[in-house]
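> just the structure for this:
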Amino acid sequence: MSAMSPGRTSGKPVRSLHGLGVISGLAAGAWLGMAEAPTKLVSIGISPFLISLGMVAGVFIARWTLPTLLKGTNYVFRDLGEKPHLIVWAILAGALWAVANTLTVFAIRDVGLSIAFPFWNTNSLVGLFWGWLFFNELRGAGMGQRAKVLGGALAIVVGACLLAYATSQHSSGVSERAAGGILAALGAGLLWGTMYIPYRKAYLSGMNPLSFVTVFTFGELATMTALSLLFGGGFAPLVQSIRSAQGAIFWLFLGGFCWVIGDIFQQYAAKYIGIGRGIPLSNTNQLWGLAWGALVFAELGGRGSASQALIIAGSLIMIGGAVAISLAEAPALERNAWQDAMARECARYSLDRARVQAAVSGEDPVSQGTRRSWWEAVIILAAVGIFIWLATLAERPPLVMNSHWGWLLGVASLAILAVAASMLWRRTRFS
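Sure, this is the predicted structure:
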């Protein structure tokens, strides 16, 4: 058994994996927050379904390109071949994501980016429950660890209540749709929280996150295409709406690409510290969403000082709760419970426990003997070509934006990406 096994009860290896999961969750928060910025295009009349479809198309390209660039297609196919039972789970997770993402667009249209974010971030509560119920997370945790997790959950609920009250004080022109926007955001949180069940099953079975997200994209693209055709009036109207909005497609693709970067880090967080801790930590995207909404798109402008204070306080309380949950490092007894969950998955699907243990510990048994192929360069070049072509068609969105704040937030996100990616590479080679 590897010296880096999460079953170890003490010492540097466990702390190393916990720290890796924490930095992955923080990086996920930055990029998931930035990915939602293009959904502001709904405010200029573009259909929520078209916006979500455009983002999913960008996601589809990124989900093939990044794993190919980092590990290679032969690696992905070999990993999937060893755990074929997880393919259907990945497709199901993608379908849940597509519906949830569409709901977020409606939420942003009705209550704004900075308000909608914290409501769908209740997914941390859902993920916490599923992690405890199915994967033995918090089993064996002491009172101190439980207090951090449960206290953090309570903080998330309190923060959401503050934001709900602040939203109810909005001007009458928007408050008529506020209830629908809040329900859409909460529905997205429920679906995203449930989506993490397949995530955790995959990583307890030793699958690489890069392999999982490659299959994930088929579920989300198929579901989003079906939703667009069903609610958009059919194929011809959908094509016409795409043509009429072609100047905005690049921004939607870019948003999808950013989302994939954030989701990959989120998956590494779920792998190394569990969904009960990793997902709340990635929900620091609330702070980034608030920053993009307030600083770049001036969503808090025109509100009274009391309303702004409630929004900021609610957001900070929610993030404080998420951080408290995430920093509750799993003690020895809980890590042993995780080992039991892993053993159960291995027995259920006839997996090689030694190989799964190595993968869960941050090693990479699948990479042994795996070689890259020439067609991977074609995949990378094709993806780059698509983005260049869409960039030539892009138009500046007719939105009021503060470009200085936009550049500053973008640079900060890139800095976090560099730190987290280098740590993952040095420690696990993106295993």
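
> please pull out the lowest mean pLDDT helix or strand from the protein.
helix 113-120 (a mean of 75; mean pLDDT, DSSP states H and E).

> mind exporting the C-alpha coordinates of that one to CSV?
The C-alpha trace of helix 113-120 is given here as CSV (Å, rounded to 0.1, in the frame of the first residue of the first chain):
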residue,chain,number,x,y,z
LEU,A,113,-25.6,37.3,-10.6
SER,A,114,-24.6,38.5,-7.1
ILE,A,115,-27.9,37.4,-5.6
ALA,A,116,-28.4,34.1,-7.5
PHE,A,117,-24.9,32.7,-6.6
PRO,A,118,-25.5,32.1,-2.9
PHE,A,119,-28.8,30.4,-3.4
TRP,A,120,-27.5,27.8,-5.8
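
> and for the following helix or strand past it, what's in contact with it?
Counting by DSSP states H and E, the next helix or strand C-terminal to helix 113-120 is helix 123-135. For helix 123-135, contacts defined as CB atoms under 8 Å, 6 or more residues apart in numbering pick out 137-139, 149, 153, 156-157, 188-190, 192-194, 196-197, 200, 204, 274-276, 279-280, 283, 322, 325, 338, 341. Every C-beta, even on glycine, is put in place using the N, C-alpha and C of the backbone.

> just stretch 179-192 next, same as before
Contact with stretch 179-192 is made by 96-97, 99-101, 103-104, 106-111, 115-117, 119-123, 125-126, 164, 167, as judged by CB under 8 Å, 6+ apart.

> and residue 425, what are its phi and psi?
Backbone torsions for residue 425, taken as degrees, to the nearest 10, come to phi -70, psi -50.

> from residue 419, how far off is it?
Note on residue 425: its distance to residue 419, by CB to CB, to the nearest Å, is 11 Å.

> and for residue 108?
29 Å.

> cool, and residue 46?
Applying CB to CB, the value for residue 46 to residue 419 is 35 Å.

> who has more neighbours, those two?
residue 46 (23 against 12; other CB atoms under 10 Å).

> tell me the SS of the more buried one?
coil (DSSP: H, G, I helix; E, B strand; the rest coil).

> OK, contacts around it?
245, 248.

> which stretches of the stretch 151-300 of the chain form helices?
172-204, 209-231, 235-244, 246-273, 275-282, 285-291 (DSSP state H, counting those that start in this stretch).

> which residues does the shortest one contact?
By CB under 8 Å, 6+ apart, the surrounding residues in contact with helix 285-291 are 28-30, 32-34, 36, 113-114, 116-118, 121, 262, 311-312, 315, 318-319, 322, 405, 409, 413.

> run the chain-centre distance for stretch 279-294.
11 Å (CA atoms, centre = their mean, to the nearest Å).

> secondary structure element holding residue 66?
Using DSSP H and E, residue 66 falls in helix 48-70.

> enumerate the positions of the helix or strand that that helix is followed by that are buried.
Next in sequence after helix 48-70, counting helices and strands by DSSP H and E, comes helix 73-82. Within helix 73-82, the residues that count as buried by 16 or more other CB atoms under 10 Å are 73-76, 78-80, 82.

> same check, this time on stretch 371-385
376, 379, 383.

> pretty sure the last one sits against residue 67.
No - Residue 383 lies out of contact with residue 67 (CB atoms under 8 Å); the separation is 11.6 Å.

> residue nearest the centroid of the chain?
The chain has residue 263 as the residue nearest its centroid, 3.8 Å off, counting by CA atoms, centre = their mean.

> how confident is the prediction for that one, by pLDDT?
With respect to pLDDT, residue 263 scores 88.

> how close does it get to residue 122?
Relative to residue 122, and taking CB to CB, residue 263 is found at 18 Å.

> so which of the helices of the stretch 151-300 of the chain is the most packed in?
Compared across the helices of the stretch 151-300 of the chain, helix 275-282 shows the largest average neighbour count, a mean of 31 (mean count of other CB atoms under 10 Å).

> now residue 387, nearest residue through space, not along the chain?
Leaving aside its sequence neighbours, residue 387 sits nearest to residue 253 (CB to CB, 6 or more residues apart in numbering; 6.6 Å).

> how close does that neighbour sit to residue 393?
Taking CB to CB, one finds residue 253 at 11 Å from residue 393.

> next: residue 413.
25 Å.

> looking at the two, which is more packed in?
Taking other CB under 10 Å, residue 413 and residue 393 do not tie; residue 413 has more neighbours (21 against 11).

> residues touching stretch 148-155, excluding its own?
124-125, 128, 138, 141, 276-277, 280, 317-318, 320-328.

> swap in 6 Å and give it another go.
By CB atoms under 6 Å, 6 or more residues apart in numbering, the residues outside stretch 148-155 that reach it are 125, 317, 320-321, 324-325, 328.

> thinking again about what came up before, let's have the helices of the stretch 151-300 of the chain in TSV, adding distance to residue 364.
Output for the helices of the stretch 151-300 of the chain, formatted as TSV (distance: least, CB to CB, whole Å):
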stretch	distance to residue 364
helix 172-204	13
helix 209-231	11
helix 235-244	40
helix 246-273	13
helix 275-282	20
helix 285-291	28
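
> tell me which of those lies nearest to residue 370.
Closest of those to residue 370 is helix 209-231, at 11.7 Å (criterion: CB to CB).

> helices or strands up against that closest one?
helix 48-70, helix 73-82, helix 86-111 (3 or more CB pairs under 6 Å, 6 or more residues apart in numbering; DSSP states H and E).

> reformat the ones you listed as a markdown table; add distance to residue 177 and mean pLDDT.
Below are the helices and strands packed on helix 209-231 laid out as a markdown table (distance: least, CB to CB, whole Å; pLDDT from 0 to 100):
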| stretch | distance to residue 177 | mean pLDDT |
| --- | --- | --- |
| helix 48-70 | 13 | 84 |
| helix 73-82 | 43 | 90 |
| helix 86-111 | 4 | 88 |
